[in-house]
Each structure stands twice: as C-alpha cells, then as structure tokens.
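Enquirer: Got a predicted structure here, sequence first:
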Amino acid sequence: MHGDMMVTAEFGWDRIRITYHQTRHPSWACSGGPMTRDEFIEAAFAELRRIERGEATVQLVEGDILIGKVHYQTSNGWKIVVFSDGDAWDYIDSITAPSGERFPLWPDEPAHGSEGMVKLRSYHPPDNQSTTTWGFLA
C-alpha cells in the first residue's frame, strides 16, 4: 500500500467525532475518474497479487464453499465472487472495485470481452492458498 491517511476531528462539549480513513492503492487511487477496462483488470490483478503476498486479506461474506457463488471482501475493499464446484475453486464470477466499479467478466457478446477478462475469470490462487487463504477444502 502507498500512503495511508487518517483525519480525526472532535468538536465541542458534545464530543462529536468524525473520522476519515483513506488507503491509496497504486493501481487505481490516483486515476482521477472511472477506470478503463484495462485499468480495472490491472487493478484487480494487483489486488489478487497482494492477497497472494499476504499484503491483503479476504473475509468470507456470504455463500457456501461447498457449491455455488461464494462472496468475499478484501481488506482493501474489493468484492470478489468465486464459484465453488464441490468445495473446490472453479472460477471468478465477478469482481467489484472499492469504488463500486465493475466490468462484466462474462459479457453477453464475445466482442465485449477481452483476453484480460478471460485471464481474470480463470485466475486460481497459487499452491494451497485456495485452502489456507480462501477457505476452500480442495
């Protein structure tokens, strides 16, 4: 991560407290606007690599690792939905950036897809991380 910033203000006799916390991520925080599809792919892969290196964590939010869509949120605010096929990581179903931006990994028309999207949905964690990091059994 590059540059954490926290601002805290406390006011008056009623002790109103306002806290603002922002973490800047090199892949997307400074873009100044919506990400392009290629920027999104790059940022999503950067987040997956941070998870691999232990620089970011994932938390199960919803779903059953035995079958179907399993929803995770990363410590950096990314939402990742993985499809489980009999307790094993099958593919990434969707990814949403902390900003709420999302590009379809499974476009309706092949012309709207890209090689990067195919690689992203086909991503699998290295070695035993699908078990140790993501909680899958196989």
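Expert: Received the coordinates, thanks. All figures in this text were calculated on a predicted structure; none of them were measured in a lab.
Enquirer: And the strands in this structure, which stretches?
Expert: Here the chain has its strands, by DSSP state E, at 4-11, 16-23, 58-62, 67-74, 79-85, 89-96.
Enquirer: buried residues in the fifth one?
Expert: The reference is to strand 79-85. 79, 80, 81, 82, 83, 84 (16 or more other C-beta atoms under 10 Å). C-beta: built from backbone N, CA, C; applies to glycine.
Enquirer: what's in contact with it?
Expert: Strand 79-85 is contacted by residues 58, 61, 63-74, 89-96, 134, 136 when judged by C-beta atoms under 8 Å, 6 or more residues apart in numbering.
Enquirer: among those, which ones are buried?
Expert: Applying 16+ other C-beta under 10 Å to those flags 58, 63, 65, 70, 72-74, 89, 91-96, 134, 136 as buried.
Enquirer: Kindly indicate which of those lies nearest residue 42.
Expert: residue 95 (12.1 Å; C-beta to C-beta).
Enquirer: How about the contacts made by that closest one?
Expert: Residue 95 touches 44, 78, 79, 80, 81, 102, 105, 120, counting by C-beta under 8 Å, 6+ apart.
Enquirer: swap in residue 58?
Expert: Taking C-beta under 8 Å, 6+ apart as the definition, contacts of residue 58 comprise 51, 72, 73, 74, 75, 80, 133, 134.
Enquirer: Now for this structure, the helix or strand with the poorest mean pLDDT.
Expert: strand 16-23 (a mean of 42; mean pLDDT, DSSP states H and E).
Enquirer: okay if I get the contacts of residue 95 as JSON lines plus pLDDT?
Expert: Below are those laid out as JSON lines (pLDDT from 0 to 100):
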{"residue": "44", "pLDDT": "97"}
{"residue": "78", "pLDDT": "98"}
{"residue": "79", "pLDDT": "97"}
{"residue": "80", "pLDDT": "97"}
{"residue": "81", "pLDDT": "96"}
{"residue": "102", "pLDDT": "90"}
{"residue": "105", "pLDDT": "85"}
{"residue": "120", "pLDDT": "93"}
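Enquirer: Many thanks, we can stop here.
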